[in-house]
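S.K.: Coordinates for the following, if possible.
(one chain, ligands or ions: 1)
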Amino acid sequence: MKDTRNSDDSLEKAIALAGEAIRGARSIVVLTGSGVSAESAIPTFREAHEALVDDEGNTMSALWAEFDPQTLATPEAFDRDPEMVTRWYDWRRLKCLEAEPNQGHLALAEIERRTRDRGGAFTLLTQNVDGLHQRAGSGRVIELHGSIMSWRCSRTGRRTEIPGDAFETYPPLHPETGDPLRPGVVWFGEALPPDAIDTAMHTLASCDLFVSIGTSSVVYPAAGFIHLAREAGARTIEVNPDATPISGAIDIALRGKSGEVLPVLVEKLGS
Ligand code: BV8
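M.R.: Got it, this is the predicted structure:
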C-alpha cells in the first residue's frame, strides 16, 4: 500500500483545498513561529544552538551548544548573567538584521493583500522576534513575544536607540539610567503584551480560518490559539514539515516548508 501521506499529489491536493479555504474566508488569523524564518537562515528557536559559523569561522554552537534557549530566554538567566544573555540576544539580533525575508514571508504578505483587496479581514500573529514579516511587507503584524530589535532599561523600562551593529559592552547600559539594557522580548514566565493578547483573543473569536505556520505548538498561550479558533467555528490549516501536538485538530495539513508551500498557495488564489 503506497504511503500517500506525504506524496506530492496529496500535498498538491491539500494546497488546492487550502487555496479554496483562503479564497472564501471572511476573516483569517495566521499564527507563525520560527519555522517561517528557517529558510532565511535564522535557526528555529529550539535549534538556536545548532552548529552555526560566525564571520570569524567559529562554530557559534561552541559558544552556545551547552545552553538551551529555554533556559536563556528567562528573567532568571538575565539576573544571573546579564552579560551572557545580552551577548546571546545581540548575536541573534545581528543574525536577524543580516537575514532577508524568504519566499514564505513574501507569500504571506501577498495573501494578506489579496484578502484585504476582496474585503476580507487578515491578522498575522507572530511568535517571532526577528522583524522579517514587517520587512516582507506584511501590514498588520502582532508580535506576541515582542521584538529583538527594541531594547529597554531593565530597571525603569525606558527605551533607547540601539546601534545597527554590535553593542560595545555586555550588558549594554542605558545612556541615561546607567542600568543594563534588556531585549524587548517576552521571556518564559513573563506576560505577553496586553494589547497583543487582546488583539489575538478578539480576532480568534471571530475568525473563520486559522492558519498555523512553522511552529512546534508547545509554547503557551499561542499553542492554545487553535482551540479558540475552532470554538469560533473556524477551519484550520497547518504548514509544517513535521506533525505537531495540534496536528490532530487540523483540517488541512500542508506537510512542507513554508518557503516552498506558501508561494504555491498564492498561485492557487488566481489573479
Ligand atoms: C505566559 C521570545 C503567563 C524570546 C519566547 C499554559 C498557559 C500559559 C503559560 C504556560 C502554560 N504552560 C506553560 C506555560 C509557561 C510558558 C510555556 O508555554 N512553556 C512551555 C515550554 C510549556 N509560557 C510562558 O511563559 C509565556 N508567558 O504565559 O505568562 C503570565 C501571565 C501573567 C503574569 C505573568 C505571567 C511566555 C512565552 C513566550 C516565551 N518567549 N520567545 C526569544 O525569542 O528568545 S518563546 C519561543 O518559543 C519563540 O518565541 C518561539 O516562537 C516559540 C515557539 O517556538 P517555535 O516558534 O514553535 O519554534 P520551534 O523551534 O519550537 O519550532 C519550529 C517549528 O518550525 C518546528 O515545528 C519545525 O518543524 C518547523 N519548521 C522548521 N523548518 C520549517 C518549519 N516550518 C515551516 N517551514 C520550514 N522551513
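
S.K.: looking at this, residue 137 is in a helix?
M.R.: No. Using DSSP: H, G, I helix; E, B strand; the rest coil, the assignment for residue 137 is coil, not a helix.

S.K.: Next up, the contacts around it.
M.R.: Residue 137 makes contacts with 106, 109, as judged by Cβ atoms under 8 Å, 6 or more residues apart in numbering. No exception for glycine: its C-beta is placed from N, CA and C like everyone else's.

S.K.: per-residue confidence for the residue nearest to residue 176 when sequence neighbours are not counted?
M.R.: Nearest non-adjacent residue to residue 176, counting by Cβ to Cβ, 6 or more residues apart in numbering: residue 158, 6.8 Å away. With respect to pLDDT, residue 158 scores 98.

S.K.: Could you do the one 4 residues further on as well?
M.R.: For residue 162, the pLDDT comes out at 95.

S.K.: Surely the residue nearest to residue 176 touches residue 152?
M.R.: Yes. Counting by Cβ atoms under 8 Å, residue 158 does reach residue 152; the two are 6.3 Å apart.

S.K.: okay, and the common contacts of these two?
M.R.: residue 174.

S.K.: Among the two, which residue is more densely surrounded?
M.R.: Taking other Cβ atoms under 10 Å, residue 158 and residue 152 do not tie; residue 152 has more neighbours (19 against 13).

S.K.: in the protein, which helix or strand is least confident?
M.R.: helix 60-64 (a mean of 46; mean pLDDT, DSSP states H and E).

S.K.: Now the element after that one, going C-ward?
M.R.: For helix 60-64, the following helix or strand on the C-terminal side (DSSP states H and E) is helix 69-72.

S.K.: For residue 215, see how far away the residue of the stretch 51-200 of the chain found nearest the ligand is.
M.R.: Relative to the ligand, the nearest point of the stretch 51-200 of the chain is residue 127 (3.2 Å; Cβ to the nearest ligand atom). Going from residue 127 to residue 215 by Cβ to Cβ, to the nearest Å gives 6 Å.

S.K.: Now do the shared contacts for the two.
M.R.: 31, 32, 33, 34, 222.

S.K.: Next up, the contacts around the residue of the chain found nearest the ligand.
M.R.: Per Cβ to the nearest ligand atom, residue 35 is where the chain lies closest to the ligand, at 2.2 Å. When contacts are counted by Cβ under 8 Å, 6+ apart, residue 35 touches 44, 213, 214, 215, 216, 240, 241, 258.

S.K.: just checking, which of those belong to strands?
M.R.: Here DSSP state E is the test, and the contacts of residue 35 give residue 213 as lying in strands.

S.K.: in its sheet, what does the helix or strand containing residue 151 sit against?
M.R.: Take DSSP H and E as the rule and residue 151 turns out to sit in strand 146-153. Strands that pair with strand 146-153, judged by DSSP bridges, come out as strand 159-160 (antiparallel), strand 181-185 (antiparallel).

S.K.: Any idea which of those strands gets closest to residue 81?
M.R.: Minimum separation from residue 81 across these (Cβ to Cβ) falls at strand 181-185, 12.5 Å.

S.K.: And the ligand, is the closest one touching that?
M.R.: Yes. Contact between strand 181-185 and the ligand, assessed by Cβ under 6 Å from any ligand atom, occurs at residue 185.

S.K.: Other residues contacting that strand?
M.R.: 73, 78, 82, 86, 89, 93, 129, 145-154, 159-160, 162, 167, 171-174.

S.K.: Just the buried ones from those?
M.R.: For the contacts of strand 181-185, a neighbour count by 16 or more other Cβ atoms under 10 Å gives the buried set as 73, 78, 82, 86, 89, 93, 129, 145-154, 162, 167, 171-174.

S.K.: Show the contacting residues for residue 164.
M.R.: residue 97.

S.K.: So residue 27 sits against residue 120, correct?
M.R.: Yes. At 6.6 Å, residue 27 counts as touching residue 120 under the criterion of Cβ under 8 Å.
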